[in-house]
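Visitor: Fold the following and give me the result.
(4 chains)
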There are 4 protein chains.
Amino acid sequence: MKVGFIGLGNMGAGIAANLLKAGHEVTVYNRTASKAEPLVKQGARHALRVEDACGGDAVMTMLSDDSALEGVVFGDGGGADKAGNAGIVGTLKKGAIHISMSTISVALSQKLTTVHAEHGQRFVSAPVFGRPEAAEAAKLVIVAGGSDDAVNACVPLFEAIGQKTFRFGMNPADANLVKLSGNFLISSVIESLAEATALIGKAGLDKQQYLEFLTSTLFNAPVYKLYGTIIAGQKFEPAGFAAPLGFKDNRLVLAAAENLRVPMPLASLIYNRFLTLLAQGGDKLDWSAISKLAAEDAGQTKASS
Amino acid sequence: MKVGFIGLGNMGAGIAANLLKAGHEVTVYNRTASKAEPLVKQGARHALRVEDACGGDAVMTMLSDDSALEGVVFGDGGGADKAGNAGIVGTLKKGAIHISMSTISVALSQKLTTVHAEHGQRFVSAPVFGRPEAAEAAKLVIVAGGSDDAVNACVPLFEAIGQKTFRFGMNPADANLVKLSGNFLISSVIESLAEATALIGKAGLDKQQYLEFLTSTLFNAPVYKLYGTIIAGQKFEPAGFAAPLGFKDNRLVLAAAENLRVPMPLASLIYNRFLTLLAQGGDKLDWSAISKLAAEDAGQTKASS
Amino acid sequence: MKVGFIGLGNMGAGIAANLLKAGHEVTVYNRTASKAEPLVKQGARHALRVEDACGGDAVMTMLSDDSALEGVVFGDGGGADKAGNAGIVGTLKKGAIHISMSTISVALSQKLTTVHAEHGQRFVSAPVFGRPEAAEAAKLVIVAGGSDDAVNACVPLFEAIGQKTFRFGMNPADANLVKLSGNFLISSVIESLAEATALIGKAGLDKQQYLEFLTSTLFNAPVYKLYGTIIAGQKFEPAGFAAPLGFKDNRLVLAAAENLRVPMPLASLIYNRFLTLLAQGGDKLDWSAISKLAAEDAGQTKASS
Amino acid sequence: MKVGFIGLGNMGAGIAANLLKAGHEVTVYNRTASKAEPLVKQGARHALRVEDACGGDAVMTMLSDDSALEGVVFGDGGGADKAGNAGIVGTLKKGAIHISMSTISVALSQKLTTVHAEHGQRFVSAPVFGRPEAAEAAKLVIVAGGSDDAVNACVPLFEAIGQKTFRFGMNPADANLVKLSGNFLISSVIESLAEATALIGKAGLDKQQYLEFLTSTLFNAPVYKLYGTIIAGQKFEPAGFAAPLGFKDNRLVLAAAENLRVPMPLASLIYNRFLTLLAQGGDKLDWSAISKLAAEDAGQTKASS
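Guide: So this is what the prediction gives:
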């Protein structure tokens, strides 16, 4: 397929590379243009403006937050040089698909659904689970929401970048809610492991052995293995997923829950963990560094992070 | 081995049966004697008093709480007919082993370690993970704490009843702390799934499909599958592990944490969930019924439990 | 003084009446014009457009939330009939003062400070403590923030409507933060009384007597008396301050705290109480109705609200 | 009246002195005998054994916790020299009154009610509100529970030591529940002030001025003035009421609530604050030092305590 790709950060660069490997014709755009170079070497075309990435069958976006995505969609993000031609929404062909892979708010997803429909374009929300290593290895788990025809059209792209795609109905925003709730569940795992290891650690047991026990039995799941290793080793740098991004997603979950009037006290507890971590200067750490706080509350020596 | 077995509830009956199947010579005792009958048919001897089950190489106990265990150990539990000969501690041979499989407090485990040593007996703490089905299928996960010689001597018994044994040091109470922390982690899974499904449920998504997605990817672990199914189906009866027992374990975690001065705010949150469930009459439900509360707080119709 | 008054709700009507009583020349505006009638009878002029209330030395605004205030300030609120002349900011004379009495966000207060300064106008933030009865009785407590000259110029107005004015620095937004934090403290009183009365109530003690005891000794403060009476009597209608407004203020506190990176776990707890109350249909109740939830969690019969 | 007084700590010494001033005949006992000296100089008799303080119309106890009180009541506390004659319960005359002023558990109060009745003695529970200064100044607030005849008989004693007595029914344990709930309410004030001052403090406002504002208006109550001053000044030593005692009372509230099945999430939040303070070495500080934690979570420099 002929596809644009906007956003070449930790995640986007790996995804775009896999699209190229699978034989798709990819035009990449990134605000900091130098990040496009490695992909150009792999065969990508380089768009200097957002709209130059919007001429194909689809354009995929992988950006850090609502504001960055709104910038490229509505033209404030560098592509707004011509009136009426600005941003994705002003450039994408009728019938072409905007595939949003960013973890954005439910509200923005709903807005994009409406706006793209008004412009005769199609919108698919396809947030992913997986850290940069998984993006590079084409092992992402994709959660897709959108009309059947649109999601079906995206299958070749999803196959190039992920291990599995799950579809959640016709409403793109549902995929975003599932993604946000998934990040909530992961952060719950981090908090629960943090409290449990603070407990057994203060009792003098070996944290490493404890986590090996957990992850070889009841908690034999990727997420426990990944975060159990990080927590036992207290290795929060470099950040695979930085604390401010984890905090952002936590706030998006709470915002969606507030709109639906669903109290989530555990999400609130985690919210305060993130706020504490950031108040104490943890912006550069992996989001799993909220796990330090349980140990610190228990009076255990601060990790050397 | 020649072994006594005390406590033939949901869990104990299955365990004792597997000991018999493996060829051990088992003498069973239960306060309500009728529960011994099926095991007698399978070849067990029936002890009418606690001390009649204490004549072998080891005696295993699987009781509901600290108080029940103290009863049989110190003689208030039905076996105290002769002064000086009462209970396990007054009956067990020198060198024989008391294997405690109950989920008891760290404090009681420490006390039993001391008391048995004073009587020349050995004490192994070997709490298990697994519900009654796992006990019956000899698929329990055993966490064992005690001196090497004592734990080694128990291996033939553990092999008869479990799929795997993990050893945590020489201090029996460490095994109890690991067990309690494990139940805390499971209850955290329940709470997090409860909040996440309340959220996506109120948004109109299908809970069953959502949980299938979770458990086939990041949360591909037995505990998510088991509780995900129960929560999606809202089937809390019959109770595999009753709410009052879940509450008891939650309190034992918090008691251990208090003694070690480890704040566990998520455990406190779950504490209040249990207290709410019990205050509203949920004593007969499975402990995973605390998951109803998130949905009820969100104004969703009460489950027909 | 010659002053405009915009917003004749529960609070505003009483305040405007007291300005008239004190001899000020008051021009009132309200979106629903009929609410102006009683005040016109008391001597007020009636402005049919926002800008008709902006011709004097000052204009006071008492509106329900950020959005309503932004409407009248920037012209979306009914006054935007002429370009360049819309809303307060387009109409108020140079040097005249906009006195904002609404409980608004710290962020909007900061924005208004800047915008009014750009237009050569002065901005004073003067949120008030007190329920409608206090507004009517000229017993409000006023928290004022703004430049000395501006706040000094407002003194005759404040004297007409309140019992006392406290000044918090030159930055108008500081007054809003103090106001929001004050509402947080009041909601903490409500939550603490709710839990305490659920406890002593379930033990069979008399709630009325209990609250009389508290408020005649250690907790001999107006806020305990007011809310103690409401909670003991479970009388949440009619709402003096409706639950959705209490929720709004709770969210504004948390938003200000988030911007400053200050975790407030008690405010989060109260946030979830409000969200639960609203999810269960409590929109018409007084904000102190969050106190019902502690009793309901304890399994006590629901109040007949 | 002829009265014994057991427990001459911070609180007891002041109370006993006031009994003497009012003309009562007081025999004092304290485990560390030297503390009796100042009172002997004021006219008290000195009992060297618990039972020597139990010969009068009443004996008052003011001890630090359940265990200390059980010691003197049942004879483990130094007075158990003669079999059958040990402790208060073995010594007090029939019809004489044990007045327990300590903050003890509801459960112990119930037990003492039963045991004293079995011995033909009367039991009055009369915990007090007030710090050592109030005890010295005879300004305590007394909460009394017990049979009418018994409480009436105590009136001359209460008048000598307090400013006011409130009676809560015939059941002594009710007075203890009221006392415990009162301490919960005070700790809620501390937590709410801690979060509010962390917020306005990080915004750069003056904490002193802020607390003056609060306590001169809505929160014009002794408890806000006392703790507001301590919190604004960050002066947690010397401890008027030490953190471990505050923690003890918090646990007693939660224990009573658990028995009654009343979830108290705010009390749980405060529980974790205390546990954190103690885990971090705050044993010597005033209980209001839990207020430091909100500021520390917000990344503000640690107080020099």
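Visitor: Next, the contact list for the residue nearest to the spatial centre of chain A, please.
Guide: Central residue of chain A (C-alpha atoms, centre = their mean): A:Thr103, 4.5 Å from the mean position. Counting by C-beta atoms under 8 Å, 6 or more residues apart in numbering or on different chains, A:Thr103 touches A:Pro127, A:Asn176, A:Lys179, A:Leu180, A:Asn183, A:Lys248, A:Asp249, A:Leu252. All C-beta atoms are positioned from the backbone trio N, CA, C, and that covers glycine.
Visitor: and of the residues you listed, the nearest to chain C?
Guide: Lowest distance from chain C to the contacts of A:Thr103 (C-beta to the nearest C-beta) belongs to A:Lys248, with 11.4 Å.
Visitor: Assumed the closest one was part of a strand.
Guide: No - counting by DSSP: H, G, I helix; E, B strand; the rest coil, A:Lys248 is located in no strand; its state is helix.
Visitor: show me what contacts it?
Guide: Contacts of A:Lys248 (C-beta under 8 Å, 6+ apart): A:Asp65, A:Thr103.
Visitor: Against C:Asn259, how distant is it?
Guide: Per C-beta to C-beta, to the nearest Å, A:Lys248 is found 14 Å from C:Asn259.
Visitor: of all the contacts of A:Thr103, which comes closest to chain D?
Guide: Chain D lies nearest to A:Lys248 out of the contacts of A:Thr103, by C-beta to the nearest C-beta, at 19.1 Å.
Visitor: Domain map for chain A?
Guide: Chain A breaks down by automatic domain parsing into domains covering A:2-170, A:177-297.
Visitor: residue ranges of the helices in chain A, please?
Guide: For chain A, applying DSSP state H gives helices covering A:10-21, A:37-41, A:66-74, A:106-118, A:132-136, A:148-161, A:172-202, A:207-216, A:222-233, A:243-260, A:265-279, A:291-297.
Visitor: Out of those helices, flag the one nearest C:Gly7.
Guide: With C-beta to C-beta, the closest approach to C:Gly7 among the helices of chain A belongs to helix A:243-260: 25.8 Å.
Visitor: I'd like the average pLDDT over the closest one.
Guide: For helix A:243-260, mean pLDDT is 97.
Visitor: do stretch A:270-278 as well
Guide: On average, stretch A:270-278 scores 98.
Visitor: Does that stretch reach chain C?
Guide: Yes - using C-beta under 8 Å from any C-beta of the partner chain, we find that stretch A:270-278 touches chain C at A:Tyr271, A:Asn272, A:Leu275, A:Thr276, A:Leu278.
Visitor: which of the residues you listed tops the neighbour count?
Guide: The most neighbours of any of those, using other C-beta atoms under 10 Å in any protein chain shown, belong to A:Leu275, which has 27 neighbours.
Visitor: for the closest residue to that residue other than its chain neighbours, what are its contacts?
Guide: Nearest residue to A:Leu275 in three dimensions, chain neighbours excluded: C:Pro263, at 4.3 Å (C-beta to C-beta, 6 or more residues apart in numbering or on different chains). Neighbour list for C:Pro263: A:Asn272, A:Leu275, A:Thr276, A:Ala279, C:Ala257, D:Ala294, D:Asp297, D:Ala298 [criterion: C-beta under 8 Å, 6+ apart].
Visitor: closest to chain B among these?
Guide: Once C-beta to the nearest C-beta is applied, the member of the contacts of C:Pro263 that ends up nearest chain B is A:Asn272, at 8.7 Å.
Visitor: List the contacts of the closest one.
Guide: C:Pro263, C:Met264, C:Pro265, C:Ser268, D:Asp297.
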